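> coords please:
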Amino acid sequence: MIGGVDKDLIVMAIWGLIFAVFVIKLLQSIRLVPTKSAYVVERLGKYHSTLDAGFHALVPFIDKVAYIHDLKEETIDVPPQECFSSDEVNVEVDGVIYISVIDPIKASYGITDYRYAAIQLAQTTTRSVIGTLELDRTFEERDIISAKVVEVLDQAGATWGIRVHRYEIKNITPPETVKNAMEMQVNAERERRALLAKSEGDKQSKINRSEGMKAEMINLSEGEMQKRINEAEGRAEEIMELAKATSESIQALAEVISAPGGQSALRMQLAEQYLKQLDGLSKESSRVILPANMVDFDSWMDNIGLKEKS
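Residues are numbered from 1 along each chain as shown. Model (predicted):
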């Protein structure tokens with residue numbers, strides 16, 4: 001009886017184990033695929049199908065999810081590596097790759113590990129491109145290096161089922177001795193530019209000062225010229241006005257003289273002025289020059305052409 005009980009318990013345990021395994025496999029055959037993911041299913045060791053996002057039920061014990069791929073874009077760090085430039089300078093370069101899986105079947109069966117392969121290919125391509133450039137150009141031609149790496153990875157990615165979106169170089173680190181030399185060169189260039197800028201500033205300052213002095217001299221000369229012109233024009237106008245006034249006075253005097261009694265009035269006025277002049281001379285000097293005949297007034301007038309007409 002005891003032997004029979006033990007035998008029944010063993011059989012029940014075996015059936016229970018088989019049932020548990022069946023339930024586990026049944027649950028494993030139910031797959032919920034997330035968005036932007038792809039499950040590669042094998043049936044009896046052979047590729048069967050690719051599961052997209054959603055609910056899927058597999059055949060237990062026959063179907064198996066062999067590979068799971070994330071279809072979103074991912075970044076892969078490229079470890080630092082030593083590269084030699086064309087002028088034999090050793091630099092350390094690292095970067096980052098941006099890739100995504102576009103064909104889950106090729107990514108599963110076209111290569112063992114596409115991530116590792118992409119890193120290795122990026123490193124070898126970077127070394128080959130930097131080997132064609134001088135050290136100074138490696139810092140300037142990062143876009144060329146990145147474009148070449150992307151081109152090579154795209155060609156290989158067609159077989160691996162991946163797409164390389166871009167490759168960026170993070171750091172290009174030269175040796176300390178080269179870095180110090182480059183810093184000294186940069187400082188020397190900066191000092192040269194500063195001296196050049198200072199000399200250009202001094203030159204421009206002198207030019208500005210000379211141009212200012214030139215403009216000042218021109219303004220002064222033009223002002224002096226205008227002043228002389230104005231003075232000359234003023235003197236000319238003064239002379240013209242004086243001549244005009246003299247002409248008018250002479251004309252008026254002639255008209256007065258030609259009028260009746262004009263000569264007599266003129267003679268009297270001249271005689272009066274003459275006597276005033278004599279009086280003034282007598283006060284200023286002890287010597288007075290008188291005409292030979294003080295009484296003969298008519299002879300004085302005759303000498304100046306103002307003889308009274310009879």
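> Quick one: low-confidence residue ranges for this structure.
Across the chain, the ranges flagged by pLDDT under 70 are 1-5, 178-179, 181-182, 253, 256-257, 259, 261-275, 277-310.
> in it, which spans are helices?
Per DSSP state H, the chain carries helices over the ranges 2-28, 104-109, 114-130, 135-140, 142-160, 176-258, 262-284, 297-303.
> Touching, Pro175 and Asn90? I think so.
Yes - under the criterion of CB atoms under 8 Å, Pro175 makes contact with Asn90 at 6.2 Å. From N, CA and C alone the C-beta is placed, and that goes for glycine too.
> quick revisit: could you export the helices of the chain as TSV, including distance to Ala53 and mean neighbour count?
As requested, the helices of the chain are exported to TSV (distance: least, CB to CB, whole Å; neighbours: other CB atoms under 10 Å):
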stretch	distance to Ala53	mean neighbour count
helix 2-28	19	10
helix 104-109	12	18
helix 114-130	21	18
helix 135-140	44	16
helix 142-160	23	17
helix 176-258	50	10
helix 262-284	136	12
helix 297-303	144	13
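> Rebuild those helices as a markdown table, extending it with distance to Arg166.
Converted to a markdown table, these look like this (distance: least, CB to CB, whole Å):
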| stretch | distance to Arg166 |
| --- | --- |
| helix 2-28 | 38 |
| helix 104-109 | 19 |
| helix 114-130 | 11 |
| helix 135-140 | 19 |
| helix 142-160 | 6 |
| helix 176-258 | 28 |
| helix 262-284 | 117 |
| helix 297-303 | 125 |
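> ok, the closest residue to Leu58 other than its chain neighbours - contacts?
Excluding the flanking residues, the one nearest Leu58 by CB to CB, 6 or more residues apart in numbering is Ser29, at 4.0 Å. With contacts defined as CB atoms under 8 Å, 6 or more residues apart in numbering, the neighbours of Ser29 are 57-60, 63.
> Can you select the buried ones among these for me in PyMOL?
Remark: buried members of the contacts of Ser29, expressed as a PyMOL selection using 16 or more other CB atoms under 10 Å:
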select buried, resi 58+60+63
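> would you turn the contacts of Ser29 into CSV with distance to Asp77?
As requested, those are arranged in CSV below (distance: CB to CB, whole Å):
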residue, distance to Asp77
Ala57, 39
Leu58, 35
Val59, 40
Pro60, 40
Asp63, 36
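> out of the contacts of Ser29, which one sits closest to Lys72?
The shortest gap between Lys72 and any of the contacts of Ser29 belongs to Leu58, at 24.1 Å (CB to CB).
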